[in-house]
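**Student:** need a 3D model of the following:
(one chain, ligands or ions: 1)
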Amino acid sequence: MLKIDHLTKHYKGSSKGVTDLSLHIAPGDLYAFIGHNGAGKTTTLKCVAGIQGFDAGTIEIGGIDIRKDPLAYKRQFAYIPDNPDLYEYLTGIQYLNFTADVFGVGAGEREERIRKYGEAFEITASLGDLISTYSHGMKQKLALLSALVHQPKLLILDEPFVGLDPKAAVILKDIMRSICAEGGSIFFSTHVLDVAEKLCNKVAMIKEGTLIASGDMQAIVKQGQSLESIFMEVVEDAKTDENTDQTGTM
Ligand SMILES: Nc1ncnc2c1ncn2[C@@H]1O[C@H](COP(=O)(O)OP(=O)(O)OP(=O)(O)O)[C@@H](O)[C@H]1O
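**Tutor:** Predicted structure coming up:
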């Protein structure tokens, strides 16, 4: 589904970013991406989403290379940033219809999905209101709805649980599970390791722009341990392998 190979992205005039990162996500994978602040999660997700370019490596979704056919590549996924920037002067329903038009979703399908997910997130009654009147959490729910309305093969989510109320978080987890049970894939960053451990079949850990562990959750988190303890262990081990002049920003 998603193949990232040897991705390198360094910001201009800085060594920060992501270095030689490779990660493969299969259909059905619910893949958590974890790492401390500034580790390189958003940088990776933005490169995959085509929001920013990269210096080296290749990224493919469904066998389509982002650089060779960006339009066909972008039709296959939805990306929701950690702070979605929506068109404030549109109403919620106008925004959803706009997204559905861009992705060529038929009238019946869009209606059914907007009803289903709108009710699940309890946002249906507000869809006629201007987005500028929405709270942060409502904007996040609308962004999620706009992704779900075109039923992409791959969902890329940056910190999807931040700002959601507990009920919406439970609903989102259920939706994520059912998407992957039906063969879709989800790649998302999170700092909530507890959620990642319970929800995901795969996990990737990044430190200072370098992937330090990735694979099956069950293989990484052995019985009797927690993802949190493994994460701290792996991060510490990675530190000892590095030059001693690392300042320990983890
Ligand atoms: N536009 C930019 N210009 C220069 N450096 C940047 C830029 N964006 C990010 N960085 C740097 O790249 C590194 C990775 O940042 P990134 O946003 O990918 O981290 P992150 O893992 O998503 O962090 P967080 O958990 O805090 O969201 C950081 O050192 C950050 O300061």
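
**Student:** from here on, just use CA atoms for contacts and neighbour counts.
**Tutor:** Will do.

**Student:** let me see the contact set for the closest residue to Thr43 other than its chain neighbours.
**Tutor:** Once flanking residues are discounted, Thr43 sits nearest to Gly17: 6.4 Å by Cα to Cα, 6 or more residues apart in numbering. Contact analysis of Gly17 by Cα atoms under 8 Å, 6 or more residues apart in numbering lists 8-11, 39-40, 43, 208-209.

**Student:** how about the contacts made by the nearest residue to Asp5 once chain neighbours are set aside?
**Tutor:** What sits nearest to Asp5 in space, not counting adjacent residues and going by Cα to Cα, 6+ apart, is Ser22, at 4.3 Å. Applying Cα under 8 Å, 6+ apart, we find Ser22 in contact with 3-7, 211.

**Student:** export the residues you listed to CSV and tack on neighbour count, secondary structure and distance to Leu127?
**Tutor:** Output for the contacts of Ser22, formatted as CSV (neighbours: other Cα atoms under 10 Å; DSSP: H, G, I helix; E, B strand; the rest coil; distance: Cα to Cα, whole Å):
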residue, neighbour count, secondary structure, distance to Leu127
Lys3, 19, strand, 36
Ile4, 19, strand, 37
Asp5, 16, strand, 40
His6, 16, strand, 42
Leu7, 21, strand, 39
Leu211, 23, strand, 40
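
**Student:** and those residues as a markdown table, adding pLDDT and distance to the ligand?
**Tutor:** Converted to a markdown table, the contacts of Ser22 look like this (pLDDT from 0 to 100; distance: Cα to the nearest ligand atom, whole Å):
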| residue | pLDDT | distance to the ligand |
| --- | --- | --- |
| Lys3 | 97 | 19 |
| Ile4 | 97 | 16 |
| Asp5 | 97 | 17 |
| His6 | 97 | 16 |
| Leu7 | 97 | 13 |
| Leu211 | 94 | 11 |
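
**Student:** closest to Leu193 out of the residues you listed?
**Tutor:** The closest of those to Leu193 turns out to be Leu211 (Cα to Cα; 16.8 Å).

**Student:** bridging residues for the closest one?
**Tutor:** Note on Leu211: beta-bridge partners by DSSP bridges are Ile206.

**Student:** how about low-confidence regions in this protein?
**Tutor:** For the chain, the stretches with pLDDT under 70 are 239-250.

**Student:** spatially central, which residue of it would that be?
**Tutor:** Centroid check for the chain by Cα atoms, centre = their mean gives Leu157 as the closest residue, at 2.2 Å.

**Student:** report the contact partners of that one.
**Tutor:** Contacts of Leu157 by Cα under 8 Å, 6+ apart are 79-82, 186-189.

**Student:** assign it to helix, strand or coil.
**Tutor:** strand (DSSP: H, G, I helix; E, B strand; the rest coil).
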